[in-house]
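Undergrad: just to be clear, the model below is a prediction. Sequence and coordinates:
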Amino acid sequence: MSDNRPTILWLRRDLRLSDHPALDAAIARGGPVVPVFICDDLVEGLGAAPKWRLGLSLEDMTGRLEALGSRLILRRGGALEVLRGLVKELGAGAVMWSRLYDPESIKRDKQVKAALKDDGVAVESHAGHLLFEPWTVETGTGGFYKVYTPFWRAVRGKDVAAPLAAPSDIAGPDVWPDSDALGDWDLGRAMNRGAEVCRPYQRVGEEAAQGRLGWFMGEAVGAYDAARDLPAEDGTSGLSENLALGEISPHRCWHAGRRAMEEGKPGAETWLKELVWREFAYHLIYHTPHITGQSWRAEWRDFPWSDGEEDDGKVLAWKQGRTGVPFVDAAMREMYVTGKMHNRARMIVASYLTKHLMTHWRVGQKWFEDCLTDWDPASNALGWQWAAGSGPDATPYFRIFNPETQASKFDPGGTYLRRWIAEGQKGPTKTALRYFEAVPRSWKLNAHMPYPEAPIVGLKEGRSRALEAYEGWKG
């Protein structure tokens, strides 16, 4: 039955028009649809880079909606307060949104849904951020999966709905409610000068995301098995920023990967496994929400990691990309210039922090949360715990990556290191020099400084210390 009262579509991490079940359901009600984005406490609490990147996505979404005769209403405040105000203002009959799965969002959304229903408003939450709702994937005994490989086996043959088409038009109300100006939110304030440096590396919006997916499936997925480990190569899909904000749906990615598999492209299945690793991260954050702030394995909560406060500046050197370990430093500098970091490099910098420096994974997790434009709450938590050895499917603590060995194997020509480290080069690359333009002025760094003569913690020394700590703790 149609309902001609307006429907409020509360957008969050679903900033696209195609394959958007909540948007389609809102249109199907038959009345005007009012898209709204709320800058609430969860948005205000985002780190500098992801908040700035969100602003770029909202700008793009505003333009896409306007092209269909619609608008994006921006409001700041508590989600429930804002939605109640809009319901009253519009005489709205329903509020819809796409589900999120991190504990903070779940808590907020449950409170909003209960209160609005008590007010007599129809409320619906829809799938769309994941391929598989976390409660629909169960082990043979009815529990959730704690290991990735059996999780992959359980979902690889599941039906995944085909992507929905974008609407050709979205009916709006006769009188639109007032909206904040996006510029007044100043979402990029904390990025300071880093925003200008990072901007060229962002692929913002639905059109850019779909274009990148098409390029990857047409040109690069066949070599993905090997190229994904080479940080100097453009060998990955690079869609993490778009998936994080919902500028592209995982369903569209899945079906593109399946088509590539059917065409016999050898890297397609490996890429699909990486897409399902994201699903696994959300499966865990839903079933074990403590993964975001505590060691997933309870026994690791008393491991003698440092909190990074009293380490003679070692954690600061790690953050600055001046550890004296070139692969670690190159990776950190890549993050400041591009807002992203190659996955192989992420493993190296995480291993060095948690093992060679014996620093708690939460220190690194929080820093990435501030610095990555592709930050994702589930993937970031699982990635750090995997590297530290405290999480599910973790690399064993005694497996300690050697950055020198990793560099010789995956960057044998030193291209990645030269791309990001300026000190000591006669003709530093532009990318390496841009690092000094991106980092905080308070660090007082410049390209004329000498590169550290020795690592802040030697590779052999750090490995031995980590293993001794592990044996002492375990024993």
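TA: Arrived safely. Residues are numbered from 1 along each chain as shown.

Undergrad: now the strands for the stretch 1-150 of the chain?
TA: In chain order, the stretch 1-150 of the chain shows strands spanning 7-11, 33-39, 73-76, 94-98, 122-126, with DSSP state E, counting those that start in this stretch as the criterion.

Undergrad: does anything pack onto the first one? Which helices or strands?
TA: Just to be clear, that refers to strand 7-11. helix 21-28, strand 33-39, helix 79-90, strand 94-98 (3 or more C-beta pairs under 8 Å, 6 or more residues apart in numbering; DSSP states H and E). Bear in mind the C-beta positions are built from the backbone N, C-alpha and C, glycine included.

Undergrad: mean neighbour count and mean pLDDT for these - can I get that in CSV?
TA: Output for the helices and strands packed on strand 7-11, formatted as CSV (neighbours: other C-beta atoms under 10 Å; pLDDT from 0 to 100):
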stretch, mean neighbour count, mean pLDDT
helix 21-28, 20, 98
strand 33-39, 24, 98
helix 79-90, 18, 98
strand 94-98, 23, 98
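
Undergrad: out of these, nearest to Gly55?
TA: With distances scored as C-beta to C-beta, the stretch of the helices and strands packed on strand 7-11 nearest to Gly55 is strand 33-39 (9.9 Å).

Undergrad: strand partners (parallel or antiparallel) of the closest one?
TA: When pairs are called by DSSP bridges, strand 33-39 turns out to pair with strand 7-11 (parallel), strand 73-76 (parallel).

Undergrad: distance of Gly238 relative to Phe327?
TA: According to C-beta to C-beta, to the nearest Å, Gly238 stands 20 Å off from Phe327.

Undergrad: please identify which of those two sits among more neighbours.
TA: Using other C-beta atoms under 10 Å, the more surrounded residue of Gly238 and Phe327 is Phe327, with 28 against 18.

Undergrad: do you know how far that one is from Lys88?
TA: Distance from Phe327 to Lys88, by C-beta to C-beta: 57 Å.

Undergrad: likewise for Ala422?
TA: 57 Å.

Undergrad: now do the contacts for the residue nearest to Val36 when sequence neighbours are not counted.
TA: In space, Val36 comes closest to Ile73 once its chain neighbours are excluded; the distance is 4.4 Å by C-beta to C-beta, 6 or more residues apart in numbering. With contacts defined as C-beta atoms under 8 Å, 6 or more residues apart in numbering, the neighbours of Ile73 are Val34, Pro35, Val36, Phe37, Leu86, Trp176, Pro177, Asp178, Ser179.

Undergrad: can you do 6 Å?
TA: Contacts for Ile73 (C-beta atoms under 6 Å, 6 or more residues apart in numbering) come out as Val36, Pro177, Ser179.

Undergrad: who does the first one bridge with?
TA: I take that to be Val36. Residues in a beta bridge with Val36, per DSSP bridges, are Trp10, Ile73.

Undergrad: ok, it to Leu116 distance?
TA: For Val36, the distance to Leu116 under the criterion C-beta to C-beta works out to 13 Å.

Undergrad: could you do the second one as well?
TA: Distance of Pro177 to Leu116, computed by C-beta to C-beta: 17 Å.

Undergrad: repeat that for the last one.
TA: As judged by C-beta to C-beta, Ser179 and Leu116 stand 21 Å apart.

Undergrad: those two: who's more crowded?
TA: The residue with more neighbours, out of Ser179 and Leu116 and counting by other C-beta under 10 Å, is Leu116; that gives 20 against 14.

Undergrad: quick one: that one and Val123 touch, right?
TA: Yes: here Leu116 reaches Val123: they are 4.9 Å apart, a contact under C-beta atoms under 6 Å.

Undergrad: so for the two, which residues contact both of them?
TA: In the contact map built from C-beta under 6 Å, 6+ apart, the residues linked to both Leu116 and Val123 are Val95.

Undergrad: just the pLDDT for Met1.
TA: What the model reports as pLDDT for Met1 is 51.

Undergrad: same thing with Glu310?
TA: Turning to Glu310, the model gives it a pLDDT of 66.

Undergrad: related to what we said a few turns ago, so which of the strands of the stretch 1-150 of the chain gets nearest Ala281?
TA: Nearest of the strands of the stretch 1-150 of the chain to Ala281, taken as C-beta to C-beta: strand 94-98 at 17.4 Å.

Undergrad: that closest one pairs with which strands, and in what direction?
TA: Next to strand 94-98 in the sheet, as set by DSSP bridges, lie strand 7-11 (parallel), strand 122-126 (parallel).

Undergrad: what is the burial count for Tyr366?
TA: That one is not Tyr; residue 366 is Lys. Using other C-beta under 10 Å, Lys366 has 15 neighbouring residues.
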